[in-house]
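A.B. asks: can you look at this prediction? I've put the sequence above it.
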Amino acid sequence: MTDKFHLAWFTWQGARDWEDPGRGAYGAMEWTKPKQWQAMAKVLEQRALFDMIIFADENAIFDTYKDSIEIYLKYALEGMQHDPVPLMAMMAMHTRHIGFVSTLNTSVYPPYLLARTISTLDHLTGGRMGWNVVTGAKKRSAQNLGLSLDVGHDNRYDIADEYVELCCELWESWAEDAVTMDGTTGRFADAARVSMRKSGGRYFDTAGPLTLPRSPQGRPVIVQAGGSDRGRMFAATHAEVIITHQNTPADMRAFRQDIRDRMASIGRDPDSAKVFFTIKPIVGKSRDDAAAVRQAIINSPAISVDVGLAQWSGRIGKDLSPFDIDEPLPTAAPAGAKKGSVTEGYSEGHFRQHYRDGKAPLLREIAMQEAIKETYTVQGDGKAVAEQMIDLMREVGGDGLAIRGSMLPRNVITFADEVMPELQRRGVVRESYVDGTLRDNLKAF
């Protein structure tokens, strides 16, 4: 790694933290109103100089756990959220440099619609858009959108390969010099510099071109978070930024090396994709204060085995309620569960991330990790958190860290005011932006 590393905030636009116990003087997250989101984006840009904000997304309120939406509604779990795309446009109006990355699903959006939407936003933001490519829609999301998604895990990636290639063709359908706006001839654009797609593919038949000229970046920054073997290969093929959730430094090192090996094997420069590891900072005025903040979060009514099982059931599309929570999660389905193994049809990466030293933990332990949205945690006052982040990056390599958590004012402002000055003092993060696009800032170091 270089001496400096990049920073992203990996979050969601929803009600999950409506009753955060540690919000204190900063106030609650007004998740339905744009003003606070815009203010937090300005903090991350002006006081923390983050590269980008990444939004997760779902198109349904889950009912996977116990075949009911009750617990998901009670605790405002995943799925209780707005569409992040219009929110990003509103946030971008109040910023100049920070990038915005939306999760958009290849199983949900027609390729032309997605390519056109992202290109529009890239124009409106001056080249600050990224696309977090997700390949699988949950059953309830598919039903809400009138889709039939009866494809296997690896087949989703086969479809997504063609999908991304098609989107890139659409983004390239206007040459940089296609728009002439020649007043003497009255010609707006040169048709010879705008291309149609000659033939359809195996899964999609979209002729193009896009209805708008080439955007500032040409194409958005491609972001991906595949955890399975097939997902890692997809990321190695297409991604410019790879986000990964790993529990230990050893897992982080192994993941990064695996991605770099895969990229080299297909002829890509391993340095052409940046690997970001997710972390969860818990920052206080002192070590004891940070411990108190963490304990307040753990003691919240929303942190429970039921909540964790509901969240994980929703994410993997399997009801985990029939399992014994005091046993390791088996691969075979228990009596009364839906047919098939627990991991069937879903990324093993979501299961591997909970293993420690190659051992399967008890389901109760997984549930509590899921309830608290646990990932690699750094904790203490601003100086201690900064030092832990620096030590981690030096140990594992990689290019950046993605803060995984809500954009509660307490979280964003505390990190910006307590941690960033320490990181900047040590010279390991940026002190200014490149006057350019999101891609330009990512390539700055």
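C.D. replies: Thanks, I have it.
A.B. asks: would you mind writing the CA trace of stretch 289-297 as PDB?
C.D. replies: Taking C-alpha atoms only, stretch 289-297 is exported to PDB below (Å, rounded to 0.1, in the frame of the first residue of the first chain):
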ATOM      1  CA  ASP A 289     -16.500   7.000  27.100                       C
ATOM      2  CA  ALA A 290     -16.100   4.900  24.000                       C
ATOM      3  CA  ALA A 291     -16.800   1.700  26.000                       C
ATOM      4  CA  ALA A 292     -19.900   3.300  27.400                       C
ATOM      5  CA  VAL A 293     -21.100   4.200  23.900                       C
ATOM      6  CA  ARG A 294     -20.600   0.600  22.800                       C
ATOM      7  CA  GLN A 295     -22.400  -0.700  25.800                       C
ATOM      8  CA  ALA A 296     -25.400   1.600  25.200                       C
ATOM      9  CA  ILE A 297     -25.700   0.300  21.700                       C
END
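A.B. asks: any buried residues in that stretch, and which?
C.D. replies: For stretch 289-297, the neighbour count (16 or more other C-beta atoms under 10 Å) marks A290, V293, R294, I297 as buried. Heads up, the C-betas are built off the backbone N, CA and C, glycines and all.
A.B. asks: among those, which one lies nearest to G136?
C.D. replies: Lowest distance from G136 to the buried residues of stretch 289-297 (C-beta to C-beta) belongs to I297, with 29.5 Å.
A.B. asks: skip ahead from the helix or strand containing I279 and say which helix or strand is next.
C.D. replies: I279 is part of strand 274-283, with elements assigned from DSSP states H and E. Counting by DSSP H and E, the next helix or strand C-terminal to strand 274-283 is helix 287-298.
A.B. asks: I'd like to know which elements that following helix is packed against.
C.D. replies: On a contact count with 3 or more C-beta pairs under 8 Å, 6 or more residues apart in numbering; DSSP states H and E, helix 287-298 meets strand 274-283, strand 376-380, helix 382-396.
A.B. asks: hang on, R96 packs against E45?
C.D. replies: Yes - R96 is within contact range of E45, at 7.2 Å (criterion: C-beta atoms under 8 Å).
A.B. asks: just the CA atoms of the strand or helix carrying W9, as PDB, please.
C.D. replies: Assigned by DSSP H and E, W9 belongs to strand 6-12. Coordinates of each C-alpha in strand 6-12 appear next as PDB, following Å, rounded to 0.1, in the frame of the first residue of the first chain:
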ATOM      1  CA  HIS A   6      -8.800   6.300   1.000                       C
ATOM      2  CA  LEU A   7     -12.000   6.600   3.100                       C
ATOM      3  CA  ALA A   8     -15.600   5.700   2.300                       C
ATOM      4  CA  TRP A   9     -18.800   5.700   4.400                       C
ATOM      5  CA  PHE A  10     -20.900   2.600   3.800                       C
ATOM      6  CA  THR A  11     -24.400   3.200   4.900                       C
ATOM      7  CA  TRP A  12     -28.200   2.900   4.200                       C
END
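A.B. asks: run the chain-centre distance for it.
C.D. replies: Relative to the centre of its chain, strand 6-12 is centred 8 Å away, using C-alpha atoms, centre = their mean, to the nearest Å.
A.B. asks: and after that strand, which helix or strand comes next?
C.D. replies: Counting by DSSP H and E, the element after strand 6-12 in chain order, helix or strand, is helix 34-46.
A.B. asks: give the other helices and strands that that next one contacts.
C.D. replies: Applying 3+ C-beta pairs under 8 Å, 6+ apart, one finds that helix 34-46 contacts helix 84-92, helix 409-414.
A.B. asks: residues contacting that helix, please?
C.D. replies: With contacts defined as C-beta atoms under 8 Å, 6 or more residues apart in numbering, helix 34-46 is touched by 9, 13, 29-30, 50, 53, 87, 90-98, 407, 409, 412-413, 416.
A.B. asks: pull out the buried members of these.
C.D. replies: Looking at those with 16+ other C-beta under 10 Å, the buried ones turn out to be 9, 13, 29, 50, 53, 87, 91-92, 95, 97-98, 407, 409, 412-413, 416.
A.B. asks: which among the residues you listed gets closest to A175?
C.D. replies: For the buried ones among the contacts of helix 34-46, the nearest to A175 is A92 (26.0 Å; C-beta to C-beta).
A.B. asks: give me the distance between that closest one and G380.
C.D. replies: Per C-beta to C-beta, to the nearest Å, A92 is found 33 Å from G380.
A.B. asks: elements contacting the strand holding I279?
C.D. replies: When contacts are defined as 3+ C-beta pairs under 8 Å, 6+ apart, strand 274-283 packs onto strand 6-12, strand 241-244, helix 249-265, helix 287-298, strand 376-380, helix 382-396, strand 400-404.
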